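K.L.:
need a 3D model of the following:
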Amino acid sequence: MKNGKRILKLLVAVLAAVSVALFVISFNGMCRHGTCNHVIKLNDGWSVSFSDVHLTPLKHVSEFRVPSNVEPGDTIIYERNMRDDSIPLPTTLRFHAYHVAIAVYVDSICYYRYGFERFKEGRLVGSGIHLVNMPEHLDQHTIRVVTVVTERAAAKSLTSIELLRSGSMTDYFANNSDSITIGIFLMFFGMIAFITGCCAVGFDRAYYRLILIGLFAGLMGLWTLNYAKGIQIFSMNYALDTTLEYISLYLAAIPFGLLIINMRSGKISPWKMRMLKGIVGFGGLFFVVTTILHVADIAHYPSFLIVYHSYIFVSFLFMVVFRVLYDRGAGLQEKILTSGTVVFVLFGIADVFRYNIQNMLGLDKPFMDSTCLPVGALLFILLLMVGYLVYMYEELMDKTEKEVLRQIAYRDALTGIYNRAKCEHIFEVLNRDDSDYAIVSIDVNGLKYVNDHFGHSMGDKLLCAFADVFKNAFNGIGTTIRMGGDEFVAIVRAEHLSDLNTALKTMVLLEKDAKLPIAMNVAYGYSIRRRGDAVTAMDVYRMADANMYAMKLASKQQRMA
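P.N.:
Okay, here's the model as predicted:
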C-alpha cells in the first residue's frame, strides 16, 4: 500500500514536469521563428558625457557605469558617429533604458523624445525597450542619446544599442522567449489555479492553499513578463508596465507568507507563528505605504527596492535560523515546500551575483544578460504544486478513511444494514425538519426459539435472511435499520409515503419465498408523522412499536384460537 502511494505521488510529479516541459518547449519553439537576422550591434564607439566628465569612445557601451551618487535631473549623453554602420533603408534604433527621460538626435534633428513632461510633473517615467524610427542613410551622421535621470539610484547604463531593419520587437521577443514563455505560463497557471481554488474553497477549505499558490504564480508570472519586457507585446506604456512590475514583485511575498502560515499552522511554536504573521503583516503594510507614496508622487516604487530586498533577506534568514520551514518530523509536503524555497532562493542569489558581475565587469554575453530568476520561479511553483497535490492526496485519503470508519460505525456487523447509532442520527435530523415521514417497527418472531433449539448460528442466518428481505422490500423507498436483537426499523420520507404499503406487502411475499429450514415470520407496525404535529421522532417510533406489538398479540391470539 505504501509503495503504491509513493508510486502515485511520483507519477503526479513526473506528469506535471512533463506537461510544463512540453508547453515551454512548444511555445518557445514558436517564438524562435520570429528571430531577425538584419540586426547591427552599435555597442562600440560611444563617447559619454556626464557632468564635467567626457569619456573617450568606449569598446562597449556597458563599460560606462552610471555613478551611484546620481540625482534626479542629472544628464548623461551618449554620442556616436555612424561611419559605415548603417542600413540603406528605413531602420529602427532599439535600446533598453532604465528610469530616464530620453531624447534621440541625428545630428541636430530630434527623432524621439520621451518622459520629460512626466518627470517635470513628478510622475514615474518607467523603463523599457525604446524604439526610434531613424532616417534611411546614417553614414557620416552622429547619433546622440540624451538621458535625464528621473529616480535616485535607479538609473543604469544603456546595456545594448541595436540598429535593425524590421521586426523591431518580434526579434526581441524571439531572443528572450525563455523568460517570456515562463512568464506567460505562470500567469495562465496562476489564473486557472486561483479561479479553481475560489470556486472550490466553499466546498472544502483545503482549496485555500490552491488560491494562494495561484496568486503567487500569477504575480511571479506578471513580474517575469514585465522584467523581461515581454509585457510590451500588449503595452508600450512604460510607466504602467514598470508600475505593474513593482506591484507584482512587492505583492508576491504576501501569498507566499500566507502559504507558509497555512502549511505550518499547529506545527511550530506559537511565538514563531506570531513572528511569521508579523512578517507577512509588515509585507502588507510595506505595500500599502509604498503604494500611497507612489500614487501621491512623493516617492516611487523603485526608491524602495533596497528596503524590499532587505525585508526578503531578513525574512528568509529568520525562517532558516529558527527552522520554520522544516523539522525532523516534517511531512512530505513540508519537505517539498522547503526544497522549493531553497531552489528559489538559490536562483535569486545566482541572479543577483550575475547582475553585479555584469555591472562590475561589463560582460556583454547573452547568458550574462539573461535573468535566471524566472526559471527558479517556475521550479518553485512546480514544487509548490506537487506539494499541494501531495497534500490533497493525503487529505483525500484521510477523509476517505474517516468516511469508511464512519460507515463502519453506522453499520450492523451481522446484517450489513444500518445500526442503532445511524437511527439516532436520523432521528436528530428529523427533529430539526418539519416534514412528513413514517417509522416502521418490525420484530422477527421466534428468534429465541430458533436460538434455543437450532443454535445461535441458525438464529444469525435467520436475521441475515430477513435483513436481505427487508432491504430488498424497502430499496429506494426507505432506510433500513437493525436496532439490535430481533428488532428492525424502517424510516420512510414524505416523497415515498405512498409506497409504504407496497413495501410492506413485498416484504411479506419475500418472507414466504425465503429458503430457510424454518419458516420466517415477522410482526410490524407503523406510525406516520404529519407536518405540524408536535411529536418527536422517538414518539413516532414508540407509536409504531406499540402498533407492532398489537399486531404481534393479534397474531398470537389467532394461532391459539
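
K.L.:
for the rest of this, base every contact and every neighbour count on C-alpha atoms.
P.N.:
OK.

K.L.:
got the residue ranges for the strands in the protein?
P.N.:
Counting by DSSP state E, the chain has strands at residues 39-41, 46-50, 53-58, 75-81, 91-97, 100-106, 109-114, 128-134, 142-149, 161-164, 437-444, 478-484, 487-493, 522-529.

K.L.:
what's the third one packed up against?
P.N.:
Read it as strand 53-58. Other elements packing on strand 53-58 under the criterion 3 or more C-alpha pairs under 8 Å, 6 or more residues apart in numbering; DSSP states H and E are strand 46-50.

K.L.:
ok, and for the strand it packs on, which residues are buried?
P.N.:
Within strand 46-50, the residues that qualify as buried are 46-49, counting by 16 or more other C-alpha atoms under 10 Å.

K.L.:
quick check, nearest of those to residue 180?
P.N.:
Checking these against residue 180 by C-alpha to C-alpha gives residue 46 as the nearest, at 30.2 Å.

K.L.:
hang on, that closest one packs against residue 82?
P.N.:
No - under the criterion of C-alpha atoms under 8 Å, residue 46 makes no contact with residue 82, lying 9.9 Å away.

K.L.:
ok so, going back, got the strands of the chain as JSON lines, with mean pLDDT and distance to residue 346 columns?
P.N.:
Output for these, formatted as JSON lines (pLDDT from 0 to 100; distance: least, C-alpha to C-alpha, whole Å):
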{"stretch": "strand 39-41", "mean pLDDT": "81", "distance to residue 346": "33"}
{"stretch": "strand 46-50", "mean pLDDT": "90", "distance to residue 346": "36"}
{"stretch": "strand 53-58", "mean pLDDT": "85", "distance to residue 346": "34"}
{"stretch": "strand 75-81", "mean pLDDT": "92", "distance to residue 346": "35"}
{"stretch": "strand 91-97", "mean pLDDT": "88", "distance to residue 346": "27"}
{"stretch": "strand 100-106", "mean pLDDT": "95", "distance to residue 346": "31"}
{"stretch": "strand 109-114", "mean pLDDT": "95", "distance to residue 346": "37"}
{"stretch": "strand 128-134", "mean pLDDT": "90", "distance to residue 346": "27"}
{"stretch": "strand 142-149", "mean pLDDT": "94", "distance to residue 346": "32"}
{"stretch": "strand 161-164", "mean pLDDT": "85", "distance to residue 346": "31"}
{"stretch": "strand 437-444", "mean pLDDT": "93", "distance to residue 346": "66"}
{"stretch": "strand 478-484", "mean pLDDT": "92", "distance to residue 346": "60"}
{"stretch": "strand 487-493", "mean pLDDT": "94", "distance to residue 346": "63"}
{"stretch": "strand 522-529", "mean pLDDT": "92", "distance to residue 346": "70"}
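
K.L.:
columns distance to residue 274 on top of those, output as CSV?
P.N.:
Below are those laid out as CSV (distance: least, C-alpha to C-alpha, whole Å):
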stretch, distance to residue 274
strand 39-41, 54
strand 46-50, 50
strand 53-58, 53
strand 75-81, 48
strand 91-97, 43
strand 100-106, 42
strand 109-114, 48
strand 128-134, 40
strand 142-149, 42
strand 161-164, 50
strand 437-444, 52
strand 478-484, 50
strand 487-493, 51
strand 522-529, 55
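
K.L.:
where does the stretch 451-561 of the chain dip in pLDDT?
P.N.:
Within the stretch 451-561 of the chain, the stretches with pLDDT under 70 are 516-517, 557-561.

K.L.:
break down it into its helices, ranges please.
P.N.:
456-473, 500-513, 537-560 (DSSP state H, counting those that start in this stretch).

K.L.:
show me what counts as buried in the shortest one.
P.N.:
Okay, so that is helix 500-513. Taking 16+ other C-alpha under 10 Å as the neighbour-count basis, helix 500-513 is seen to contain the buried residues 500, 503-504, 506-508, 510-511.

K.L.:
and for the first one?
P.N.:
By neighbour count with 16+ other C-alpha under 10 Å, helix 456-473 contains the buried residues 458-460, 462-473.

K.L.:
what of the last one?
P.N.:
Taking 16+ other C-alpha under 10 Å as the neighbour-count basis, helix 537-560 is seen to contain the buried residues 537, 540-549, 551-552.
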